[in-house]
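Asker: Quick one, fold the following:
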Amino acid sequence: MKPLLAGRGQRITACARSLPPGHQHRHSRQHRQGDHVAVYTFPGQGSQRPGMGRAWVDHPSWELVNDASEAAGRDIGALLLDAGAQELTATRNAQLATFTLGLVILDAIERLGLEPSAFAGHSLGEYTALVGAGAVAFEDAVRLVAERGEAMQGAAEDQEGTMAALLGIDAAGADAACRRAEGEVWVANDNAPAQVVIAGTVEAVARASDLAREMGARKVLPMPVGGAFHTPLMAPARDRLRKTLASVTFRSPEVAVTANVDAQAHLDAAEWPGLLSSQLCSPVRWRETLLSLVAEGPTTLVEVGPGGVLTGLARRTVPTSQAVSVAKPDDLDDLVGVLAGDGPLHAYATSHHGEHLYVSERVVLSPAVGIFEPDPALAVPTHDGAPGAEVAVGDLIGTVTGTGQPVEVRSPFAGPLVGLLALRGERLTAGQPVAWLRASGEPAPVGGAAPTA
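Answerer: Now for the predicted structure:
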């Protein structure tokens, strides 16, 4: 059976397409205070690597690469599969590739029915976070990222610059080194207690790096980027990006997104164009962002994207919080184990807007590969008008049997059963749709017919 998907990236942007501007969020950290929560974080430029998309080619979520390529007018699949290190270093390539892969992985996570309580993204990753939170539509975000990459690369070509990571020194020490260098060099990323990135002209960064070593920095690492990002040298890119941002409709995020420029959660749609343009010339306050995200209680920080850089930063900055990385399909099972804990009925296994079709629809997915057997006690709607079961969160839909013990398929959603999307005896892949539910209060069609896209 063909998987039931909303086309052209709608799976991960159903909210952004359907909710009116200014719609109030349903989920925020304030609603979950004191609970153990999950926060999704998204990496930025510098995390890219050759062949980083190969592990995902056969995953159903790879369809988003084709959608992103169409929206951008570029072959993003080639960047993810075939581009070498030098080609990926170019800003216009690195940003589109990293952003798109982040959405592929986010879509794969959403197929599991897992839901975060907050989002944050490092630099470029902020755009991925906003798509995940329903604040900007998929195609608009692709267009923004493409323009951002072109604008930043253009600014970098007009004004040569570089970046370097300083290890063993804090932001205050790095700032002092930059000031003593007496040139165009600034703190660009405050990543962790002993990891700060500086950026500026090549000469000024070299002087500040030498001074930082004298002040106790253990190591200086050049970064694989082509400009002085998050500094005043990006002013031309900021001004260019503002024009594109003005053409995009932003919506209030369904889930809180913490901004780079002030390390604060923002839920007002009107604030995001200014935050995104200011970000280009302002330092990324990632260390403060992490501290803010975990301040309300036990938190699992999930890095969604290539590289694993943010996971390392999280473990150094907030060592009492759990940090995991999802960069390849094999990581999905580990994520379920971490977040589901006691099983699929843990608080994370609740409805996620990425799983909605036409806003009111929910799709239950197979958790494993194997042969599907529906629960005999599950009432399925019939063509003569008999309604389907009223499914509660945690109700058994059926089992999937592979090489080991049967795996239960339980619904992370509540609502009337519209129909089964898998047949008895059908061999399923992990993440394949099994059942179709409608949100409580919406009329169910007779006979369990599947919706059309």
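
Asker: okay, now the spatially closest residue to Ala389 that is not a sequence neighbour: neighbour count?
Answerer: Nearest non-adjacent residue to Ala389, counting by C-beta to C-beta, 6 or more residues apart in numbering: Ala379, 4.1 Å away. For the C-beta atoms, the positions are set from N, CA and C on the backbone; glycine is no exception. Per other C-beta atoms under 10 Å, the neighbour tally for Ala379 reads 13.

Asker: Check the contact between Ala379 and Leu417; I expect there is one.
Answerer: Yes. At 7.2 Å, Ala379 counts as touching Leu417 under the criterion of C-beta atoms under 8 Å.

Asker: Could you name every residue contacting both of those two?
Answerer: Gly388, Ala389 (C-beta atoms under 8 Å, 6 or more residues apart in numbering).

Asker: burial of Glu214, as a residue count?
Answerer: Neighbours of Glu214 using other C-beta under 10 Å come to 10.

Asker: Quick check: pLDDT value at it.
Answerer: Note on Glu214: pLDDT of 96.

Asker: ok, now the one 4 residues further on?
Answerer: Each residue has a pLDDT score; the one for Arg218 is 85.

Asker: what residue ranges in the stretch 1-150 of the chain are flagged as low confidence?
Answerer: Along the stretch 1-150 of the chain, segments meeting pLDDT under 70 span 1-36.

Asker: Specify the next element, helix or strand, located C-terminal of the longest strand along the chain.
Answerer: Looking across the chain with DSSP state E, the single longest strand is strand 185-192. Following strand 185-192 in sequence order, the next helix or strand is strand 195-200 (DSSP states H and E).

Asker: List the strands paired with that next one, with their directions.
Answerer: strand 162-167 (antiparallel), strand 185-192 (antiparallel) (DSSP bridges).

Asker: In the chain, what residue spans correspond to helices?
Answerer: Along the chain, counting by DSSP state H, helices occupy 10-18, 63-72, 76-81, 85-89, 91-110, 125-132, 138-158, 171-181, 202-214, 235-245, 272-279, 286-294, 309-317, 330-340.

Asker: From the contact counts, what lies against the third one?
Answerer: Looking back up the chat, that one is helix 76-81. Helices and strands touching helix 76-81, as assessed by 3 or more C-beta pairs under 8 Å, 6 or more residues apart in numbering; DSSP states H and E, comprise helix 63-72, helix 91-110.

Asker: One more: the fourth one?
Answerer: For helix 85-89, the helices and strands in contact under the criterion 3+ C-beta pairs under 8 Å, 6+ apart are helix 91-110.

Asker: picking up where we left off before, what residues are up against the residue nearest to Ala389?
Answerer: Counted by C-beta under 8 Å, 6+ apart, Ala379 has contacts Ala386, Pro387, Gly388, Ala389, Leu417.

Asker: How many residues are close by the last one?
Answerer: Right, Leu417. 24.

Asker: and it, what is it in contact with?
Answerer: 378-381, 388-391, 435-437, 444, 448.

Asker: I only care about the residues you listed that end up buried; give me the ChimeraX line for that.
Answerer: Applying 16 or more other C-beta atoms under 10 Å to the contacts of Leu417, the buried members can be selected in ChimeraX as follows:
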select :378,380,381,388,389,391,435,436,437,444,448
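
Asker: of the contacts of Leu417, the lowest pLDDT goes to which?
Answerer: Gly448 (29).

Asker: Now do the closest residue to Trp186 other than its chain neighbours against Ala194, distance only.
Answerer: Closest residue to Trp186 apart from its sequence neighbours, by C-beta to C-beta, 6+ apart: Thr231 at 4.7 Å. Thr231 is 21 Å from Ala194, where distance means C-beta to C-beta, to the nearest Å.
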